[in-house]
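Undergrad: Based on what follows, work out the 3D shape:
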Amino acid sequence: MIGRWSAISGAALVILFLVVTYQEVTPEWKGYQAEFNRMEEQKLRQSFHELASRVDRPDVQNRMRALEAEERRLRQKLEGTETQRQYHEARQEMGRLEDRLERLQDELQRIRADYQSLERDYILAPDEKRQAQIKKKLDATRLLVEQATVARDLAKRQVQSQSVRVNAFTDGLKEIERQKEQLVAEKEKLAGDIAKIESRSLQIQQVVLDELSIVDRCITCHPGTARKLFPAGPATLRAHPGFYLEDHPPAKFGCAICHGGQARATKTRAAHGNVPYWPTPLVPNSYLGGACGKCHREEEIPFEPILNDGRKLFTEAGCVGCHDVEGMRPRDKIGPALIRVGDKVNGLWLARWLRNPKDYLPKTRMPNFMLSDAEITTLQKFMLSLRAPDPPAEITVPQDEELIARGDKLFRESRCITCHALEGRGGTIGPELSRVASKVGAAWLYEFLRDPKSHFPNTKMPRYRFLDDDRLALVTYIMANLWDGDWEPPGRIERVEITEAERTAGHVLVRKYGCYGCHDIPGFEKVTKVGTELNGYADKEVARLDFGTNTDVAKTWVAWTKTKLKSPRVFRDSLKMPDFGLTSGEIEALTVFLASLSEENIPPGYRASPHPASSYVPEGEFGRLVAELNCFVCHTIRGRGGVLAPDLSYEGTRVQADWLKSFLKSPNTIRLHMIERMPRFNLTDEEIETIVNYMRTVLLKDNIPERVFAPGEITAGLAAEGRKLYYEKYACHACHQIGLEGGAVGPELTQISERLTEGWLLAWLLGSQSLVPNVKEPQYGMSESEARAIAAFLLAPRSGP
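TA: Numbering: from 1, shown residues only. Predicted coordinates for the structure are as follows:
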């Protein structure tokens, strides 16, 4: 009996040994590699046979012999004495022209520097007599700048023409060599690749990443990741999607740094990190963007829009006001300053606002704190007590239809809708104004329109130089039309008395809910943030997340985070986080961003260096105007500013001086589809001249000349050729309007000959991306002759489209 059981157990051990041995010598990764090798070889052999059949065709062989004969003829011609002499002379002339261009460029830079120095001296001149003396030098130097620019542009065109003549000697040979190589090189390469596959062994593949302290073996089971052979198919065989590996080669980054998992393991379950207590399991594809944020902390990532949206939303929704995150410190608080809010707002409006901000403004960024009636009353009294020692002088708002109509006209002419929305239509830079008369007092508004920065130094609103009568007309129009039907607009703001106990209670509530995170409030300038620090939040283990008594939420990091964002107090009633009313898309974006907040030790060589902030500060009178008009809110200049309006870094090269003067005096519509319009700032002629002169001497693209067509070069025939290209080959009218025909996606082009310079228009047609990165204009790759023809059509006088 014992012998029989011994035999059975022995046999079982032998079978177990054989099974384990078989699994050891035939691991699953070998099957993945063998299948990939088979499919790759099959694909290459098919390509090889197709290519061989093409190369061996009689017409291809005849083409090869013809190329070789032409190559011999060209070499004999190039080696001739006369050709050698001409080639040598052409190169010498090229060198002479390049030297002259360099001298002219240096001279132009010197004169521009002199101009800027004189401009500073003019601004700082102690009296009008000295200013007049410097003004003469300024005008003379400006003329020198223009003359030097013309000379530089002429020399540049001469260099370009000579370059064409020099290259003409060897272009023929280079083209023949290129065509010959195309015929045979690919076939030879394919044969070599097939031989390599046949000799390839099955073995564990790994990348040793010393700086990351990782041995990454993911490519053992995923051999096709870095080879763009199979865009579809099983995950073990297909290529990595997108362009990520071009900047993140597996040899340097591996896979686990982005995808998570247990990089050293070679069995699927273990490699994916689905084992107890492994801290970084495989990241779901939906949240891979969060991994990008571990290295790209402070910059936008082109191919990760969800992460970009989450990072942007984290700032714009005011999350940074309560939560510390490394590298995210907003320059300004997102809410208005409440230093003198008692002079500004109506008490009834304030109570309604505190109860639920979205009742008044559905798209507001302020969340709902779910305050009790007692808390609302306490905060209302506290806020209304925040007043200036000398409140704004009361004004009488007349019920005058003529004055209301004048205010309406001023409101439209000033393009207020560029920054402020009315009934959901308009900009988002400033607050929505549909019911603003129910919110603010007339006296406060009258004073605010005089000089916004005197009330809020960090305001984005420029000073419009309104006369007193203009301000009264605007206030009258606003009070008569932009109010909530629930109550009459407030004629005046009543002063509220508050006891010391009520003030203390208000302080306590402001501290409790962290109102100072978004608003400047007296007495809270140095108080720490009320929310939890979120550095390392992505590393938080599920066991450390407080689910409270909630049993409906899956026990995962993602589920807890998304639930918290949707219903901030669902896990515990005593929590203070308010309800932001986030959409499902916003919750997804914020979750991806929060997944990027890891404290994993990423070496400096792997972290993306943030783009240095622009140090550009405009000087002189132009600098004063830029600050007063808040130009940087909408425009970028040399890397500094907003993106709502065109980049002005090369505006002096882009537009003609006369058009720019006219536009600044009375801004007109260029982009028909945009609600945002350039406001009318009521600039004086002298201020306009200052802006134009600065742009025409400083904000330039040096390699683009103002003129590219010789007198008489724009003929009717050239314009007709350009018209055909514009409407037929490139269909530019799909996005641009000329006259009454065309789309409204891009700028209107009817008067482009009066607006843009010839040089800018040609450079734009040849490569707009090189001038404005990420521009929506398609990159057609048109030839220079085509671009010149289209430019001629747009610049030529026309009576219709």
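
Undergrad: Quick check: closest non-adjacent residue to residue 356.
TA: residue 368 (5.2 Å; CB to CB, 6 or more residues apart in numbering). The way it works is simple: take the backbone N, C-alpha and C, and place the C-beta from them, glycine included.

Undergrad: wouldn't the one you found be in contact with residue 359 here?
TA: No. Using CB atoms under 8 Å, residue 368 is not in contact with residue 359, being 9.2 Å away.

Undergrad: out of those two, which sits in the more crowded spot?
TA: Using other CB atoms under 10 Å, the more surrounded residue of residue 368 and residue 359 is residue 368, with 17 against 11.

Undergrad: tell me the phi and psi of the more buried one?
TA: Dihedral angles of residue 368 (phi, psi; degrees, to the nearest 10) stand at phi -100, psi 120.

Undergrad: Also residue 549?
TA: Dihedral angles (degrees, to the nearest 10) for residue 549: phi -100, psi 10.

Undergrad: Just the pLDDT at the residue nearest to the spatial centre of the chain, thanks.
TA: Residue closest to the average C-alpha location in the chain (CA atoms, centre = their mean): residue 300, at 6.6 Å. pLDDT, residue 300: 79.

Undergrad: in the stretch 551-700 of the chain, which spans are helices?
TA: 557-566, 584-594, 620-629, 651-654, 657-665, 685-697 (DSSP state H, counting those that start in this stretch).

Undergrad: Put together JSON lines for those, with mean neighbour count, mean pLDDT and distance to residue 100 on each row.
TA: Shown next, in JSON lines, are the helices of the stretch 551-700 of the chain (neighbours: other CB atoms under 10 Å; pLDDT from 0 to 100; distance: least, CB to CB, whole Å):
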{"stretch": "helix 557-566", "mean neighbour count": "19", "mean pLDDT": "93", "distance to residue 100": "64"}
{"stretch": "helix 584-594", "mean neighbour count": "20", "mean pLDDT": "95", "distance to residue 100": "55"}
{"stretch": "helix 620-629", "mean neighbour count": "17", "mean pLDDT": "88", "distance to residue 100": "33"}
{"stretch": "helix 651-654", "mean neighbour count": "23", "mean pLDDT": "93", "distance to residue 100": "22"}
{"stretch": "helix 657-665", "mean neighbour count": "16", "mean pLDDT": "91", "distance to residue 100": "28"}
{"stretch": "helix 685-697", "mean neighbour count": "18", "mean pLDDT": "91", "distance to residue 100": "23"}
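
Undergrad: So for residue 465, which of the ones you listed sits nearest?
TA: helix 620-629 (9.0 Å; CB to CB).

Undergrad: just the CA coordinates of that closest one, formatted as PDB?
TA: What follows is helix 620-629, C-alpha atoms only, in PDB (Å, rounded to 0.1, in the frame of the first residue of the first chain):
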ATOM      1  CA  GLY A 620       9.800 104.700 -23.500                       C
ATOM      2  CA  GLU A 621       6.400 106.200 -24.500                       C
ATOM      3  CA  PHE A 622       5.400 103.000 -26.200                       C
ATOM      4  CA  GLY A 623       6.000 101.100 -23.000                       C
ATOM      5  CA  ARG A 624       3.800 103.500 -21.100                       C
ATOM      6  CA  LEU A 625       1.000 103.100 -23.600                       C
ATOM      7  CA  VAL A 626       1.300  99.300 -23.500                       C
ATOM      8  CA  ALA A 627       0.900  99.400 -19.700                       C
ATOM      9  CA  GLU A 628      -2.000 101.800 -19.700                       C
ATOM     10  CA  LEU A 629      -3.900 100.000 -22.500                       C
END
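
Undergrad: now it against helix 685-697, angle please.
TA: Helix 620-629 runs at 110 degrees relative to helix 685-697, counting by axes from the mean of the first three to the mean of the last three CA atoms, to 10 degrees.

Undergrad: What helices and strands are in contact with helix 620-629?
TA: Using 3 or more CB pairs under 8 Å, 6 or more residues apart in numbering; DSSP states H and E, the elements in contact with helix 620-629 are helix 81-124, helix 685-697.

Undergrad: what's the least confident stretch among these?
TA: The lowest average pLDDT among the helices and strands packed on helix 620-629, as it happens, falls on helix 81-124, at a mean of 82.

Undergrad: Tell me which other helices or strands whichever helix or strand comes after it touches.
TA: Once helix 81-124 ends, the next helix or strand along the chain (criterion: DSSP states H and E) is helix 128-167. Judged by 3+ CB pairs under 8 Å, 6+ apart, helix 128-167 is in contact with helix 81-124, helix 685-697.

Undergrad: Any stretches of the stretch 151-300 of the chain with poor pLDDT?
TA: 169-188 (pLDDT under 70).

Undergrad: The same query, at a cut-off of 80, please.
TA: For the stretch 151-300 of the chain, the stretches with pLDDT under 80 are 164-194, 196-199, 232-233, 243, 277, 298-300.

Undergrad: the strands in it, which residues?
TA: 207-209, 214-216 (DSSP state E, counting those that start in this stretch).

Undergrad: Tell me which of those strands sits nearest to residue 132.
TA: Of those, nearest to residue 132 by CB to CB is strand 207-209, at 69.1 Å.

Undergrad: How about residues contacting that closest one?
TA: Strand 207-209 is contacted by residues 215, 216, 217, 219, 250, 251, 252, 253, 254, 257 when judged by CB atoms under 8 Å, 6 or more residues apart in numbering.

Undergrad: Hmm, residue 261 and the second one touching each other?
TA: No. With the criterion set as CB under 8 Å, residue 216 and residue 261 do not qualify as a contacting pair; they are 9.5 Å apart.
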